[in-house]
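> From the sequence below, what's the structure:
(one chain, ligands or ions: 1)
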Amino acid sequence: WTADFLSLDQVPIWTPSGQPTGDQSHPANEALNPKISLFRGDITKLEVDAIVNAANKTLLGGGGVDGSIHRGAGPLLKKECTTLGGCETGQAKITGAYKLPAKHVIHTVGPIVQGAVGDREREGLRNCYSNSLDAAVQNKLRTVAFPCISTGVYGYPPDQAVDEALSTVRKYLEEHHAQLDRVIFCVFLKSDEDLYQERLPRYFPRG
Ligand code: ADP
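Residues are numbered from 1 along each chain as shown. Have a look, this model is predicted:
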């Protein structure tokens, strides 16, 4: 028997191992590391204040993580989403989570990458993370889980997306750590778990 949802205590806090790896731009900050988790699995199972949805501009549902979230939440999620008037790339909108164990869903729209990643795509992806965290903080939500936004059908190369995700969350937590208890990077693929394991120590190094 396995629970069909996971509470926050079942998601381990990320602890940096090995040598200190921080550089000048991301020195060790012991206040931030205990607020980070890396979890591999289905984001719809997480009992957190908010899960982030990698949605499309219509906010009316799609494939990938978006499809799983809508399936798990049930039809009332789509009903609420129809009232939101869509969402622009990089923006974020919050709804209830209905039948999901999370309390809310924060819908954000990642950039679509065709060819090389440019400033526009990088900025769009960074905005997804910072605007989603803003939506959480504005609603007094303290635990937030992110999928690997844009790295599925939207085509953002995962090894570039991870750096934007981690550096944006690091910066955000430096400014708002009192308002957030945990940010969970919820990866789905083993390859993304490996990437995050490799890069996390750069942005959240041990002291
Ligand atoms: P996008 O359109 O933003 O690229 P996708 O849903 O296609 O969004 O993919 C984003 C990421 O979400 C991918 O890494 C994919 O493997 C992952 N993913 C798919 N289903 C789930 C899920 N149930 N929980 C967490 N991550 C998921």
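
> Now do the most centrally placed residue in the chain against residue 162, distance only.
Of all residues in the chain, the one closest to the mean position by C-alpha atoms, centre = their mean is residue 146, 1.6 Å from it. As judged by C-beta to C-beta, to the nearest Å, residue 146 and residue 162 stand 11 Å apart. The way it works is simple: take the backbone N, C-alpha and C, and place the C-beta from them, glycine included.

> Spell out which residues are contacts of both of these two.
Common neighbours of residue 146 and residue 162 are not found (criterion: C-beta atoms under 8 Å, 6 or more residues apart in numbering).

> residue boundaries of the strands in this structure?
6-7, 36-40, 46-47, 50-55, 92-96, 104-109, 143-146, 182-187 (DSSP state E).

> Just name the most buried of those.
strand 50-55 (a mean of 28; mean count of other C-beta atoms under 10 Å).

> With only the CA atoms kept, save that strand in PDB.
Extracted as PDB, the C-alpha positions of strand 50-55 are listed here (Å, rounded to 0.1, in the frame of the first residue of the first chain):
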ATOM      1  CA  ALA A  50       0.700  25.300  -4.200                       C
ATOM      2  CA  ILE A  51       1.800  23.200  -7.100                       C
ATOM      3  CA  VAL A  52       2.800  25.100 -10.200                       C
ATOM      4  CA  ASN A  53       1.300  24.100 -13.600                       C
ATOM      5  CA  ALA A  54       3.300  24.400 -16.800                       C
ATOM      6  CA  ALA A  55       0.100  25.600 -18.700                       C
END
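
> And the strands of the chain: which comes nearest the ligand?
Of all those, the one in closest proximity to the ligand, counting by C-beta to the nearest ligand atom, is strand 50-55 (3.4 Å).
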